[in-house]
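1. following is a predicted model, sequence given first.
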There are 2 protein chains.
Amino acid sequence: MRERELIAAIGSVLGAGADAGQIVRGPGDDAAVVRARGYAVTSIDTLVDGVHFRFGQLTPSEIGHRAMASALSDLAAMACDPGEAYIALCLPDTLDHANALELTRGAHAVCGRHGATIAGGDVSSSETLTVTVTVVGWAEDPGTLVGRDGARPGDLVAVTGALGGAGAGLALLDDPATGVALQARTRAELHRRFARPEPRFGAARALRELGATAMIDVSDGIAADARHLAGASGVGLQLTLAELPRDEGVDAVAAALGADPTAFAATAGEDYELCACLPASAPALLAADPELAARLGPISWIGLVRDGHVGLSFTDGDAAGLRGFEHGHG
Amino acid sequence: MRERELIAAIGSVLGAGADAGQIVRGPGDDAAVVRARGYAVTSIDTLVDGVHFRFGQLTPSEIGHRAMASALSDLAAMACDPGEAYIALCLPDTLDHANALELTRGAHAVCGRHGATIAGGDVSSSETLTVTVTVVGWAEDPGTLVGRDGARPGDLVAVTGALGGAGAGLALLDDPATGVALQARTRAELHRRFARPEPRFGAARALRELGATAMIDVSDGIAADARHLAGASGVGLQLTLAELPRDEGVDAVAAALGADPTAFAATAGEDYELCACLPASAPALLAADPELAARLGPISWIGLVRDGHVGLSFTDGDAAGLRGFEHGHG
């Protein structure tokens, strides 16, 4: 792999955008230079072939999309403004330049839709296709950021969108027969949920305006992610499994896998929706503000924050039952 | 590999430092939050087992050290202040937790010596041990940063320290017989040059004070890196091979490999010294300022910046002769 040539080609994919706006120096020097705002919000995230995806199941463009979207989702979960991304590609010799460029284009397109810019990168050879993305967001005031640690007893727990779709999309890739009962449109939508998630920046801003006290993105499955949030906040989260919103087609895929649909939606992960804790007044505020409700999009009220035992419990099931359920490549 | 346990253990290696100073939120949330200064200077860099090092040749601590030092070296080459680092580990199942922690300690120690802090990270499984580090430095004024693109005809070309030591250290790892003529102390020093390079922040600041117009760190070998600098600046660099400073023991290792010592030092790379272009007045300024000279450390004047043909030439050799020489794993 002639890395210099590939780096030049990647530079032309990224184009003039990398020199625009806040970016004083883009790719091509020892480091990128970006005009800062008050606080930098930074996350690093890796996708590994055979662990987080399988090359051949996803197109290069989908791999790039997914790597960038999953990294940006961590910024959305902080409710900051997206800024720059830095992408490190480890490419097997069997992956040709055209595929590497398609991967870059997939990542670049996600950035473009969300106002982020790829400002730097690195290309290495490796036996294992690996994509590491560092994303940087910005906030003028750290008080506007929403961590995992602010949930208070009495808060409500909400989740955006619907769950289980990404897991169902992966199940369809692993065994297409799993989706035999689905319409082509539903099947395509479940694939998109896995292959092309979108970070929820708009919903995150709306949740912050509603007074969100704590927030996390749903990457490991809401059963695991809500537990992380509970631990960081030192509270108990009591969820009602029956309230978990499920993507269309999830029940049919879960049935084909012999799994409980609710447990599947709670544990399959990778949906990149947002789980947030909000003051009890939030539903009334939302009902009174249709513009805010439109920006927030679909939301489900799935539980309560409790004093006492730190961790996760369910009003209509038990965590132990969920623990037995495993899904995903890694 | 139980990633959550390892992440917790890594958190305790990093310790309270990650919550100190500019860092508002360290590891443990969706993203780190850092109080910004005027301009963020950011670079991402990856080391891959079998490409940039071989597990077993280096200890886990040395691998972590080298990954962090090579990333920080890009910040030194911009002459900014080091800030935060974010480290993504892709770990084979065969690598135990103790080794992963040793690797983290190696990276952490380099940060500590240079005033940088590991503020976040990611742990994944992979068949290939891979360490990606994103480093962020800061500058109040972008005019104080030194890019690759400012060299002007009439400038002098300088390099810090000595070259070839890292390449010789790698040659000793690949074939210990290569160093049969060396004293144990020299052999150990060459190993250190490969396994534990140090970013040259102090020298970078001194070079900036001397008026450096362009700078790059020597990662690919000065023959390649000087060519990058010449291209970015749109000038010609004319170097004198005989002036290239060589680490003690490099000549003996090159002889054992049947290589020309100068060509070896110019192409072996990974020394992480700095190559800078400076106004012609710099040597006199330096001679008049012993304090600055002490902070700069060893420096060699190795050539001139010329008008006309953009690229690299040698007063006492030819670039084509160097092109035939290849060294290193990848």
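-> Nice, thanks for sending it over.
2. so which residues of the stretch 51-200 of chain A form helices?
-> Read by DSSP state H, counting those that start in this stretch, the stretch 51-200 of chain A holds these helices, from start to end of the chain: A:60-76, A:97-114, A:165-174, A:184-195.
3. nearest to residue B:76, out of those?
-> Taking C-beta to C-beta as the measure, these were each checked against residue B:76, and helix A:60-76 came out nearest at 26.3 Å. Just so you know, the C-beta spots here come from the backbone N, C-alpha and C atoms, and that holds for glycine as well.
4. among the helices of the stretch 51-200 of chain A, which is nearest chain B?
-> Minimum separation from chain B across these (C-beta to the nearest C-beta) falls at helix A:60-76, 4.3 Å.
5. let's have the helices of the stretch 51-200 of chain A in a markdown table, adding mean neighbour count and mean pLDDT.
-> As requested, the helices of the stretch 51-200 of chain A are arranged in a markdown table below (neighbours: other C-beta atoms under 10 Å in any protein chain shown; pLDDT from 0 to 100):
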| stretch | mean neighbour count | mean pLDDT |
| --- | --- | --- |
| helix A:60-76 | 26 | 98 |
| helix A:97-114 | 20 | 96 |
| helix A:165-174 | 26 | 97 |
| helix A:184-195 | 19 | 97 |
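6. so can I have TSV of these showing distance to residue B:188?
-> Formatted as TSV, the helices of the stretch 51-200 of chain A follow (distance: least, C-beta to C-beta, whole Å):
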stretch	distance to residue B:188
helix A:60-76	41
helix A:97-114	40
helix A:165-174	50
helix A:184-195	51
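7. so what's residue A:188 up against?
-> Contacts for residue A:188 (C-beta atoms under 8 Å, 6 or more residues apart in numbering or on different chains) come out as none.
8. how close does it get to residue A:297?
-> The span separating residue A:188 from residue A:297 equals 20 Å under the rule C-beta to C-beta, to the nearest Å.
9. that older thread, the helices of the stretch 51-200 of chain A: which one's closest to residue A:10?
-> Using C-beta to C-beta as the criterion, the shortest distance between residue A:10 and the helices of the stretch 51-200 of chain A is 5.1 Å, found for helix A:97-114.
10. near chain B at all, the closest one?
-> No. With C-beta under 8 Å from any C-beta of the partner chain as the measure, helix A:97-114 is seen stopping short of chain B, the closest distance being 13.1 Å.
11. and the angle from that helix to helix A:60-76?
-> Counting by axes from the mean of the first three to the mean of the last three C-alpha atoms, to 10 degrees, helix A:97-114 points 30 degrees away from the direction of helix A:60-76.
12. now for helix A:97-114, which elements pack on it?
-> Under the contact criterion of 3 or more C-beta pairs under 8 Å, 6 or more residues apart in numbering or on different chains; DSSP states H and E, the helices and strands touching helix A:97-114 comprise helix A:3-14, helix A:60-76, strand A:81-91, strand A:117-125, strand A:130-139.
13. packed most tightly, which of those would that be?
-> Across the helices and strands packed on helix A:97-114, the average number of neighbours (mean count of other C-beta atoms under 10 Å in any protein chain shown) peaks for strand A:130-139, which reaches a mean of 28.
14. can you find the helix or strand in chain A with the smallest mean pLDDT?
-> Least confident element among the helices and strands of chain A, by mean pLDDT, DSSP states H and E: helix A:319-323 (a mean of 53).
15. endpoints of stretch A:156-171, how far apart?
-> Across stretch A:156-171, the straight-line distance between its terminal residues is 32 Å, by C-alpha to C-alpha, to the nearest Å.
16. what about the residue nearest in space to the middle of chain A, which helix or strand?
-> With distances taken as C-alpha atoms, centre = their mean, the residue of chain A nearest its centroid is residue A:272 (3.1 Å). Using DSSP states H and E, residue A:272 falls within no helix or strand.
17. give me phi/psi at it?
-> The phi and psi values for residue A:272, taken as degrees, to the nearest 10, are phi 50, psi 30.
18. which residues touch it?
-> Residue A:272 makes contacts with A:69, A:70, A:73, A:166, A:197, A:198, A:199, A:200, A:217, A:218, A:219, as judged by C-beta under 8 Å, 6+ apart.
19. what do you get for residue A:27?
-> Applying C-beta under 8 Å, 6+ apart as the definition, the contact partners of residue A:27 turn out to be A:7, A:10, A:11, A:14, A:18, A:118, A:119, A:120, A:121.
20. need the pLDDT of the nearest residue to residue A:153 once chain neighbours are set aside.
-> With C-beta to C-beta, 6 or more residues apart in numbering or on different chains as the criterion, residue A:153 has its nearest non-adjacent residue at 4.3 Å, and that residue is residue A:307. What the model reports for residue A:307 is a pLDDT of 91.
21. cool, thanks, signing off.
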